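Trainee: any chance you can model this:
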Amino acid sequence: MSQISRYRTQPQLFLTVGGVGLVAAVIVGGCLLYDGESAVEVAIFTLATTALVSAIGASIALQRAVIDRSAGTLRYANFMTFYRWRTLRIEDIDELVYDDCKDKRKAVVSGLLIYMKRADGKRRLHRLLDHGISYLGGPSDFFRDIANAVRSARPRASISPVLLD
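Mentor: Prediction:
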């Protein structure tokens, strides 16, 4: 088994965000056509809106992560780190909480909340996004891999039971 696991955002997430943008643009374009706008203007508006929504969604959804078991680190880069790599020591992770999108219905993807211990007694929160759309599948292999690495490095860490199934 390899000591290093690499993950990046799956394409279906980008396609879903673009599809939602396209549907919204078509609905608004239909309203504009009904109000008497020209078909060319509506087509340009629809394409521009779809491109804009896709670009914004892709920039938010893009995430890369590397789990290095031999070094005991989790490295990730995403929107919340301005795409700069952040390194977390796996042995410093206190708690992993699976933030399921099905429970809150606020997002298309689920998240993993990582609570780290700090010297001053406070806990620091890091959030990772799931790499795909996971309404029915539960936690992804990415989240389960992180949970297994944390369980190996720190058996007493609090981990959501759904991550260990």
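Trainee: give the contact list for residue 17.
Mentor: 53-54, 57-58, 61, 108 (C-beta atoms under 8 Å, 6 or more residues apart in numbering). C-beta: built from backbone N, CA, C; applies to glycine.
Trainee: how about those, which pair is most distant?
Mentor: 54 and 108 (13.8 Å; C-beta to C-beta).
Trainee: can you list the residue ranges for strands in the chain?
Mentor: Taking DSSP state E as the test, the strands found in the chain are 4-8, 64-68, 73-77, 86-89, 93-99, 111-117, 123-129, 158-159.
Trainee: by contact count, what packs against the fifth one?
Mentor: In this structure, strand 93-99 makes packing contacts with strand 111-117, strand 123-129, helix 141-153, strand 158-159, judged by 3 or more C-beta pairs under 8 Å, 6 or more residues apart in numbering; DSSP states H and E.
Trainee: so what are the sheet partners of the last one and their directions?
Mentor: Looking back up the chat, that one is strand 158-159. strand 93-99 (parallel) (DSSP bridges).
Trainee: residues touching the strand it pairs with, excluding its own?
Mentor: Here strand 93-99 has contacts from 74, 110-117, 123, 127, 139, 143, 146-147, 150, 153-154, 157-160, 162-163, using C-beta under 8 Å, 6+ apart.
Trainee: the same query, at a cut-off of 7 Å, please.
Mentor: 110-117, 123, 139, 143, 146-147, 150, 154, 157-160, 162-163 (C-beta atoms under 7 Å, 6 or more residues apart in numbering).
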